[in-house]
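K.L.:
Here is a sequence with its predicted model. Questions after.
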Amino acid sequence: MVVKHFCLQMEDSLKEITSHAVVSSWNEWDPLKHVIVGRASGTMIQASEPAVQNDWPQQGFPLGIFGPMPEQMEAKANEQLDNFAEILENRGIRVDRPVPLDFSQAIQTPDWNQDSMFGCMPPRDVLLTVGKEMLEATMSFRSRWFEYLCYRPLLEQYYKDDPNFRWESAPKPRLTERTYKQDFWQEWHSLSEEERWRHTENSDWIITETEPLFDAADVARFGHDLFVQKSMVTNDSGIEWLRRHYPGHRVHKVSYTDQLPWHIDATLIPLRPGLVLVNPERTALQKAHNVLFEKNGWELVEAPKSVRTEKMPLCTCSLWLNMNCLVLDPKTICIEAAETPMMELLDKYGFEVIPVPFFEVSPFGGGLHCATADVYREGSLEDYFPNQIDGV
Ligand code: DAV
């Protein structure tokens, strides 16, 4: 009896030694040890759908035409992604890669058909890591409905290897006609600048409040505090869903004043405790948010403009991707290799800056932050905003 008890105890401690935590990450800056880096392979200019109307006649993709991204562009993007993965590995960070699907295939649910999918370059859009949990976001484009499948081989493995990994998936949305405002694009194109800004001030974009919707890239993680942006792909209902899903966290809603906003990670970027990079052209933070940051000793530093004046062809992101950086630890940060003003700014703040060529990746869905999803960062859940204020 005593021997049996002893053996069981031994087994338990052995389990603890051999099964280490694979998944854990509470913020955007703690030392990164394990990360997913996306792939450009197979990415499509997706077929039109209620939320997406690609129209690039000059590049051979006028409205209604869809198809694979040009081969040359895909090869260059993959080269930069592989190089980025290598840079991370050389720093001792474990890198996993997704398994692309055949994104050119048509898909359907009982509610709709969609003639193509999109790709799997930006894992940040799909996967939200908070502590020991990875959450698959709802997404809000039909073309991205099945994108989570690219990450399933990885998540299945983490689930086997880490007994404390919490694998979650947000409710899959229906994405019926009711999810989208009818005739949104037609109306948008007919609006004056002034009217567009009015829509923007009211956060009046394409998705309705029929069901909770969010992309993971609309969330910025600051330990106990999560800042979530209402956008073209994230609605109030989605923000409310996140609030109920993380009862131990404080979820702050922000909305930036840009015409068709899309993800928070070129707008509000936490760099380390007490320092956050903000976009000077997008006032995501309302007065009350500013007070919250100030009262808790945070410095808001404005990002310089990109050195680029023109985006890559077929790129849906803005030039503010120069802000879309990956923090490796509170002293080390990856920045797009051409973005000298940004590098100089961070150098002034005492960071070691790692230049990473990444511009060719931008048409595939973003920059260095978009192209990654945290699996493991050292550190624990901390409160960086102990002085809360009302109204945010
Ligand atoms: O400014 O276009 C792009 C971020 C994509 N995750 C922007 C935001």
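P.N.:
Arrived safely, thanks for sending.
K.L.:
low-confidence ranges in the stretch 151-300 of the chain?
P.N.:
Where the stretch 151-300 of the chain drops to pLDDT under 70, the residues are 257, 284.
K.L.:
which residues are contacting stretch 174-182?
P.N.:
50-51, 109, 111-112, 140, 142, 145, 173, 205-208, 210-211, 213 (CB atoms under 8 Å, 6 or more residues apart in numbering). Yep, even glycine has a C-beta here, placed from its N, CA and C like the rest.
K.L.:
Narrow these to just the buried residues.
P.N.:
50-51, 112, 140, 142, 145, 173, 205-208, 210-211, 213 (16 or more other CB atoms under 10 Å).
K.L.:
Residue 363: which of those residues is nearest?
P.N.:
residue 51 (18.5 Å; CB to CB).
K.L.:
which residues does the closest one contact?
P.N.:
Residue 51 touches 140-142, 180, 206-207, 232-233, counting by CB under 8 Å, 6+ apart.
K.L.:
Could you identify the most distant pair in the residues you listed?
P.N.:
Among those, 142 and 232 lie farthest apart (CB to CB), at 14.2 Å.
K.L.:
Now the spatially most central residue of the chain. Nearest residue, chain neighbours left out?
P.N.:
Central residue of the chain (CA atoms, centre = their mean): residue 217, 2.5 Å from the mean position. Distances taken as CB to CB, 6 or more residues apart in numbering put residue 263 closest to residue 217, at 4.1 Å, once the chain neighbours are dropped.
K.L.:
Which secondary structure state is assigned to that neighbour?
P.N.:
Three-state call for residue 263 (DSSP: H, G, I helix; E, B strand; the rest coil): coil.
K.L.:
Now do the same contact list for residue 271.
P.N.:
By CB under 8 Å, 6+ apart, the neighbours of residue 271 are 28-29, 277, 301, 327, 330, 333, 346, 349, 351.
K.L.:
what's downstream of the helix or strand encompassing it, the next helix or strand?
P.N.:
Residue 271 belongs to strand 268-272 when assigned by DSSP states H and E. The helix or strand immediately downstream of strand 268-272 is strand 275-278, counting by DSSP H and E.
K.L.:
For that next one, what is the distance to the chain centroid?
P.N.:
17 Å (CA atoms, centre = their mean, to the nearest Å).
K.L.:
Likewise for stretch 333-340?
P.N.:
Relative to the centre of its chain, stretch 333-340 is centred 19 Å away, using CA atoms, centre = their mean.
K.L.:
Does it reach the ligand?
P.N.:
No - against the ligand, stretch 333-340 shows no contacts by CB under 6 Å from any ligand atom, the least distance being 12.8 Å.
K.L.:
Now do the end-to-end distance for that stretch.
P.N.:
End-to-end distance of stretch 333-340 (CA to CA, to the nearest Å): 13 Å.
K.L.:
Flag every buried residue along that stretch.
P.N.:
Under 16+ other CB under 10 Å, the buried positions of stretch 333-340 are 333-336, 339.
K.L.:
what does stretch 117-126 give?
P.N.:
Across stretch 117-126, burial judged by 16+ other CB under 10 Å covers 117-126.
K.L.:
Could you give the average pLDDT over that stretch?
P.N.:
Regarding stretch 117-126, the rounded mean pLDDT is 98.
K.L.:
in the stretch 251-392 of the chain, which spans are strands?
P.N.:
268-272, 275-278, 299-302, 326-329, 332-336, 352-356, 372-377 (DSSP state E, counting those that start in this stretch).
K.L.:
tell me the most buried of the ones you listed?
P.N.:
The highest mean neighbour count among these, using mean count of other CB atoms under 10 Å, belongs to strand 372-377: a mean of 24.
K.L.:
and it, how far from the chain's centre?
P.N.:
Per CA atoms, centre = their mean, the centroid offset for strand 372-377 relative to its chain is 11 Å.
K.L.:
Now stretch 188-205 - C-alpha only, CSV.
P.N.:
Presented in CSV, the C-alpha positions along stretch 188-205 are these (Å, rounded to 0.1, in the frame of the first residue of the first chain):
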residue,chain,number,x,y,z
TRP,A,188,-20.0,53.8,-49.5
HIS,A,189,-18.7,54.6,-53.0
SER,A,190,-21.4,57.2,-53.4
LEU,A,191,-20.7,59.1,-50.2
SER,A,192,-18.8,62.3,-50.0
GLU,A,193,-15.6,62.5,-47.8
GLU,A,194,-17.6,64.3,-45.2
GLU,A,195,-20.3,61.6,-45.1
ARG,A,196,-17.7,58.9,-44.9
TRP,A,197,-16.2,60.5,-41.8
ARG,A,198,-19.7,60.7,-40.3
HIS,A,199,-20.1,56.9,-40.8
THR,A,200,-16.7,56.5,-39.3
GLU,A,201,-17.5,58.6,-36.2
ASN,A,202,-20.5,56.4,-35.7
SER,A,203,-18.5,53.2,-36.3
ASP,A,204,-21.0,52.5,-39.0
TRP,A,205,-19.3,49.8,-41.2
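K.L.:
For it, which outside residues touch it?
P.N.:
Outside stretch 188-205, the residues touching it (CB under 8 Å, 6+ apart) are 181, 184, 230-232, 255, 257-261.
K.L.:
again, 7 Å this time
P.N.:
If you take CB atoms under 7 Å, 6 or more residues apart in numbering as the criterion, stretch 188-205 is touched by 230, 232, 255, 257, 259-260.
K.L.:
ditto for stretch 237-247
P.N.:
130, 138, 170, 209, 211-214, 226, 228, 230, 251, 253.
K.L.:
buried stuff in it?
P.N.:
Buried, per 16+ other CB under 10 Å, within stretch 237-247: 237-243, 245-246.
K.L.:
Just name the closest of the buried residues of stretch 333-340 to the ligand, please.
P.N.:
residue 336 (12.8 Å; CB to the nearest ligand atom).
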